[in-house]
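Participant: Got a sequence here, can you model it:
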Amino acid sequence: MPNAALVALLSLILTACQHGEPEPESNGEQVLQPTALACGEHAAELSLQLPESELLLTLSERTTWDGRNFLQGDFTQDEVRGRAILDCSQTLVLEGEARGLRLATFAVNYQGTGLFWYLGLFRDNSAGTVEHLASAFLGDRIKVQQLSQQDDRLGVELLRHGEQQAMADEPAEKALLWFHWQAASSRLEPVLQKQE
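Facilitator: Numbers count the residues shown, from 1 in each chain. Now for the predicted structure:
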């Protein structure tokens, strides 16, 4: 796939839209299947805090890539230019302490070959826009498969590049990453996994 990172970069979104019904799970885990969230005329504007930066950018341009809907926006900061994209096709409305917050993934490209993916936590605000509360790094040129919530843990199932795999190849190694929302510090913290 020629320049997959740049093609993938043309996508990003989160909207104030509906989500799919939870699929029943025997272990009590809430999993929402990907849904075709409308990135159409009625999608909310999204403000995104560029990770590791003070830059706040607006994602309002809608696009479709690989059968998924995205919001995107370009940015310039000093000498650095790039694009951020947010995947509208797969979001999760949280329950419990984080009730009503939305989980979604977004990516940033800085005009290079890397496509850096993050897990983002968002909230609809009274102004009719969507506010970005926190983010956590997921990886470079990964493919997010599914988002989930189990009690106070937030899960991201994804494909990433294995140790012996070239970054130009499609990611093939399955991984499940868990995070916890720290409301007091507005952070998404990784949950340490036990080694088996």
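Participant: Just the mean pLDDT for the helix or strand that Phe75 is a member of, thanks.
Facilitator: Phe75 belongs to strand 68-77 when elements are defined using DSSP states H and E. Averaged over strand 68-77, pLDDT sits at 89.
Participant: That one pairs with which strands, and in what direction?
Facilitator: Sheet pairing for strand 68-77, assigned by DSSP bridges, gives strand 61-65 (antiparallel), strand 80-87 (antiparallel).
Participant: possible to save those strands as JSON lines with distance to Asp169 and mean neighbour count?
Facilitator: Backbone N, C-alpha and C define where each C-beta goes, glycine included. Below are the strands paired with strand 68-77 laid out as JSON lines (distance: least, CB to CB, whole Å; neighbours: other CB atoms under 10 Å):
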{"stretch": "strand 61-65", "distance to Asp169": "19", "mean neighbour count": "16"}
{"stretch": "strand 80-87", "distance to Asp169": "21", "mean neighbour count": "22"}
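Participant: Let's have the ones you listed in TSV, adding distance to Gln164.
Facilitator: Putting the strands paired with strand 68-77 into TSV (distance: least, CB to CB, whole Å) gives the following:
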stretch	distance to Gln164
strand 61-65	28
strand 80-87	28
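Participant: now the helices for the protein?
Facilitator: Taking DSSP state H as the criterion, the chain contains helices spanning 4-9.
Participant: any low-confidence regions in the protein?
Facilitator: Within the chain, the ranges that satisfy pLDDT under 70 run 1-44, 193-196.
Participant: cutoff 50 now
Facilitator: Within the chain, the stretches with pLDDT under 50 are 1-26, 30-38, 40, 194-196.
Participant: correct me, but Leu50 touches Asp74?
Facilitator: No - with contact defined as CB atoms under 8 Å, Leu50 does not reach Asp74; the gap is 11.5 Å.
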